[in-house]
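K.L.:
from the sequence below, what's the structure:
(2 chains)
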Amino acid sequence: MPAITHEDNMTQDPTRRAPLVLGEPDLASVTETVCRIAERPGATPAWYVAFVVSVALTLILFGSIGYLIIHGIGVLGNNSPVFWGFPIINFVFWIGIGHAGTLISAILFLFRQKWRTSINRFAEAMTIFAVACAGIFPAVHVGRIWVIYWLAPYPNQMALWPNFRSPLLWDVVAVSTYATVSLLFWYLGMIPDLATLRDRATTKPRSILYGLFALGWRGSASQWHRFETAYLLLAALATPLVLSVHSVVSFDFAVAQLPGWHTTIFPPYFVAGAIFSGCAMVVTLAVPARAIFGLKSLITMRHLDNMNKLILGTSMLVAYAYMVEWFMAWYGGNPKEIFAFVNRALGPYAWGYWLMVLCNVVVPQLFWFKKWRTTPWLMLIVAILVNVGMWMERFVIIVASLSRDFLPSSWGMFKPTSIDILMMIGSFGLFFTLFLLFCRFLPVVAMAEVKAVLPTRDPR
Amino acid sequence: MPEYPTPNLDNDQVRLVGLPRGTSGVLMLIGLVALAIAVALGWRRDDQLRAFSASYLVNYTFFLSIALGALFFVALQHLVRAGWSVTVRRSAEILATGVVYLAVLFLPILAIMLLGWTSPYFKWLDPQTIADSHLAREKLVYLNLPFFTVRAVFYFLVWGLLARFFFKQSTSQDTSGDPMLTRHMEKAAPVAMILFGLTITFASFDWLMSLEPAWFSTIFGVYFFAGAVVGALAALILLALALQAGGVVRRAITVEHYHDLGKLLLGFVVFWGYIAFSQYMLVWYANIPEETVWYLARQTGPWTWVSVGLLFGHLLIPFLGLLPRVVKRRKMLLGVWATWMLVAHWVDIYWLVMPTFAPRHLPFGLLDICCLAAVGCMFFAGVIRTARRCALIPLKDPRLGESLTFENF
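P.N.:
Just a heads-up that it's a prediction; the model follows:
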């Protein structure tokens, strides 16, 4: 069989399906390519530099949190009327990032999209780390973090129950469900690959640790049978979560009567935005990762091309929501609603609004051009701008709406403090620290799944 | 690269045979007679054809939503370069071209509005409503007859052109076998999707949402879209069953296609429920008068039971019914659920339109059945005419082999 070239991989010929892996892949070479990353005795200099920077930022995050807990949330920029500032913006941003991972691992699995196999593992890892980053913010935002367990509905002698009508409580349920299922899904899919690492381990500690987490996987037919069944079931369970989590997050805003927050399209619009930003983060991570770890034959240009098409498509959905919101703000005939939207576009936060429109609607249009979809550094620019745009979207929704509500006498401006900004930057540090550790010690590509889509394995 | 075997459909009948020659004409005749009866029934009520207009709108929208859902299905298959769906795609292409006939069937609605008989057909045409309602007055820039007509013409132009484009390209591939035609359709699909998304949204605003001019909901376009896809998938399943029962495409459509269509139907049943819940929950929770007015009409009197019926009949019961794998792989069972969903979809449209016209009672009766028969027969007369002119599967689609050999795992 001749080696598979970039041209084969990128073929648009409808008479055949493109091969998904470059070169002359056989089962051993896939194992070798992926395991090598986790088995190398020392990491590459690039990894160390990135790791040191990320850990430093993480320490800043935890330092800021410590400062916040000692001094109270007065150290944040939150004020009256902008009661929700950076913490909630960051929370919604990070939760959104996670959604692409679940889309790729669960929904694309149900849709038999076999190209997902090269990117699902690290996209799922991204999901879990993003949810971890997200969870921090509402937790420290409650003020008295030492009684955070009051969020959980449990019988207690104070007869103190959370308000079941509050979407904030639904958030706790939705996000913790999401975190649990995502973690299970990620871990379950990794078991065969962990067993491979265990079998290849050359030192005792590695053998014991990988062996512990491989749960005695032997790769027998019956184990594979149960594995596949469990995987399918978890995919089906994770699929509604892609929709439900960000819908519940959107309820935090949309159940209110505040102009700019209350609109019925919020749930699907938030879901589309979440997948949009998540796909952009996948591209942001994949472009450097495939170069640094030598994964270009597994994570091919076609994968990136497909991801960029997803970014373009979800950008259109977000643009649709923006448009319908504008139309309905006028059509609804409520002067406050019209004001909220004009205020976004022309008010004191107009710079944020237009930055959001530029990054979320205008810039992704570049992906109509193949050159932009298939040139790594160009797509990286777009992907990073999309992430900026989606952060700005939450800023606009939260800050611009809260700062000017019904009563002009209660208007006020929001100004983030240094703690706000340090915590935001620090959360990126935590995210990248976790991601770098994952790349260093775990199988970054789902080896067993990639092997199943190799041309040599195709029964036809 | 997975090469798929050349399909062997030698013994399969892929033309619409078995229907007598004059079927289209007869259907057309039945449709016209039913329409005449419906008009007569409406006339006798002496309400300026108000009841007739409402019923006609319900049934018109029902078939339009199926044609539009089918158009979405076709564009979607090309957008994602689907292989599994090739043999069922032609049915959708044919159903989608029905939108051309539906453009003609829209004329009665326009005519009634132009004649000004049923002024409260759309309340914003009624001088009294406009005089009384500040909110309705505010919207007259958008809700006025000339602009309404222009928009309707634009929607039909877009839908007609898209449906004809996909139909023409696909059928010309039947003879030429040129794979580049598939590429053309794939390249057109994203543009088609954008146009489709915009037109179906604003059409649903114009023809359904504006029945209650004070009311608005940003998700309404998505709600109508979700229902339309449910209707189209149910129709595609039933169409496939009917064709196979009639002895055509018996080998081209396999149990795997039914399974996948069933899965999609289940998915869109849940999606509809998600959108319906999102709309209701947010309106209920915020409790703002100009939004609750619409649901108030639907939870008063007998309409309460229709609303509850939709919750169970359009979501909970079919969700459980379509969930088991075996249901999607048995033709009989899937046919039952597809029929169920089609009925539920009709009730959904009825529930969208009727409470505005009959707030206190359920006006269901012979008039509705006549209108259903009128629009349905004329729609299918057109669809059958189109179906006779082409093969019922894309004979030389480059992914036909994939469609015939794929398996659900």
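K.L.:
residue ranges with poor pLDDT in the chain?
P.N.:
Chain wasn't specified; assuming chain A. Chain A contains residues with pLDDT under 70 at A:1, A:457-460.
K.L.:
oops, chain B please
P.N.:
B:1-8, B:118-120.
K.L.:
in a helix, residue B:138, correct?
P.N.:
Yes: under DSSP: H, G, I helix; E, B strand; the rest coil, residue B:138 falls within a helix.
K.L.:
need the contact list for it.
P.N.:
Going by C-beta atoms under 8 Å, 6 or more residues apart in numbering or on different chains, residue B:138 touches residue A:333. The C-beta positions use only the backbone N, C-alpha and C, and glycine is treated the same way.
K.L.:
what does the one 5 residues further on give?
P.N.:
Residues counted as contacts of residue B:143 (C-beta under 8 Å, 6+ apart) are B:122, B:124, B:136, B:210, B:213.
K.L.:
helix, strand or coil for the residue lying closest to the fourth one once chain neighbours are set aside?
P.N.:
Take residue B:210 and drop its neighbours on the chain: the residue closest to it by C-beta to C-beta, 6 or more residues apart in numbering or on different chains is residue B:143, 5.6 Å away. When states are read from three-state DSSP, the local structure at residue B:143 comes out as coil.
K.L.:
which parts of the helix or strand harbouring residue A:429 are buried?
P.N.:
Using DSSP states H and E, residue A:429 maps to helix A:418-441. Residues of helix A:418-441 classed as buried: A:419-420, A:422-424, A:426-436, A:438-440 (neighbour count, 16 or more other C-beta atoms under 10 Å in any protein chain shown).
K.L.:
around chain B, pick out the residues from the stretch 101-250 of chain A.
P.N.:
Residues of the stretch 101-250 of chain A found near chain B (C-beta under 8 Å from any C-beta of the partner chain) are A:110, A:112, A:228, A:240, A:243, A:247.
K.L.:
wait, the fifth one sits on residue A:271?
P.N.:
Yes: at 5.4 Å, residue A:243 and residue A:271 qualify as touching, with contact defined as C-beta atoms under 8 Å.
K.L.:
roughly how far does the residue lying closest to residue B:297 once chain neighbours are set aside sit from residue A:446?
P.N.:
Closest residue to residue B:297 apart from its sequence neighbours, by C-beta to C-beta, 6+ apart: residue B:355 at 4.2 Å. To residue A:446, residue B:355 is 52 Å away according to C-beta to C-beta, to the nearest Å.
K.L.:
buried residues in stretch A:107-116, which are they?
P.N.:
Here stretch A:107-116 shows A:107-109, A:111, A:114-116 as buried, counting by 16+ other C-beta under 10 Å.
K.L.:
tell me, how many neighbours does the closest residue to residue A:390 other than its chain neighbours end up with?
P.N.:
Spatially, and ignoring its direct neighbours in sequence, residue A:390 is nearest to residue A:277 (3.7 Å; C-beta to C-beta, 6+ apart). Residues lying near residue A:277 (other C-beta atoms under 10 Å in any protein chain shown) number 33.
K.L.:
might you report the residue contacts of residue A:277?
P.N.:
A:93, A:96-97, A:99-100, A:386-387, A:390.
K.L.:
again, only this time at 7 Å
P.N.:
With contact taken as C-beta atoms under 7 Å, 6 or more residues apart in numbering or on different chains, residue A:277 is in contact with A:96-97, A:386-387, A:390.
K.L.:
export these to a markdown table and tack on neighbour count?
P.N.:
Output for these, formatted as a markdown table (neighbours: other C-beta atoms under 10 Å in any protein chain shown):
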| residue | neighbour count |
| --- | --- |
| A:96 | 28 |
| A:97 | 29 |
| A:386 | 26 |
| A:387 | 22 |
| A:390 | 25 |
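K.L.:
what are the boundaries of the strands in chain B?
P.N.:
In chain B, no strands are defined using DSSP state E.
K.L.:
on that earlier part again, in which helix or strand does the residue nearest to residue A:390 reside?
P.N.:
Using DSSP H and E, residue A:277 falls within helix A:266-292.
K.L.:
quick one: that helix to chain centroid distance?
P.N.:
With C-alpha atoms, centre = their mean, to the nearest Å as the basis, helix A:266-292 stands 6 Å off its chain's centre.
K.L.:
by contact count, what packs against whichever helix or strand comes after it?
P.N.:
Following helix A:266-292 in sequence order, the next helix or strand is helix A:301-331 (DSSP H and E). Other helices and strands packing on helix A:301-331, by 3 or more C-beta pairs under 7 Å, 6 or more residues apart in numbering or on different chains; DSSP states H and E, are helix A:6-9, helix A:266-292, helix A:335-346, helix A:370-374, helix A:376-395, helix B:179-207.
K.L.:
so what's the residue count around residue B:151?
P.N.:
17.
K.L.:
same question for residue A:375.
P.N.:
14.
K.L.:
equivalent analysis for the one 3 residues further on, please.
P.N.:
A count of nearby residues for residue A:378, using other C-beta under 10 Å, gives 17.
K.L.:
now do it against residue A:279, distance only.
P.N.:
16 Å.
K.L.:
which ones are touching residue B:87?
P.N.:
So residue B:87 contacts B:249, B:252-253, B:257, B:393, B:403-404 (C-beta under 7 Å, 6+ apart).
K.L.:
near chain A, which residues of the stretch 201-350 of chain B show up?
P.N.:
Remark: the part of the stretch 201-350 of chain B in contact with chain A comprises B:201, B:216-219, B:221-222, B:274-275, B:278-279, B:282-283, B:285-286, B:288, using C-beta under 7 Å from any C-beta of the partner chain.
K.L.:
can you flag the buried ones in these?
P.N.:
Neighbour counting by 16+ other C-beta under 10 Å classes B:201, B:216-219, B:221-222, B:274-275, B:278-279, B:282-283, B:285-286 among those as buried.
K.L.:
which of the residues you listed sit farthest apart?
P.N.:
Using C-beta to C-beta, these span at most 23.8 Å, a distance reached by B:201 and B:285.
K.L.:
please enumerate the helices of the stretch 51-200 of chain A.
P.N.:
With DSSP state H, counting those that start in this stretch, the ranges of helices along the stretch 51-200 of chain A come out as A:86-102, A:108-110, A:120-141, A:167-200.
K.L.:
pick the most buried one from the helices and strands packed on helix A:301-331.
P.N.:
Neighbour counts averaged per stretch over the helices and strands packed on helix A:301-331 are highest for helix A:266-292, at a mean of 24; criterion: mean count of other C-beta atoms under 10 Å in any protein chain shown.
K.L.:
relative to helix A:86-102, how tilted is that helix?
P.N.:
If you take axes from the mean of the first three to the mean of the last three C-alpha atoms, to 10 degrees, helix A:266-292 sits at 70 degrees to helix A:86-102.
K.L.:
angle of helix A:266-292 against helix A:120-141?
P.N.:
120 degrees.
K.L.:
next up, the contacts around the single nearest residue of the stretch 301-409 of chain B relative to chain A.
P.N.:
For the stretch 301-409 of chain B and chain A, the shortest gap (C-beta to the nearest C-beta) falls at residue B:398, measuring 4.2 Å. Residue B:398 sits next to A:14-15, B:179, B:182 when contact means C-beta under 7 Å, 6+ apart.
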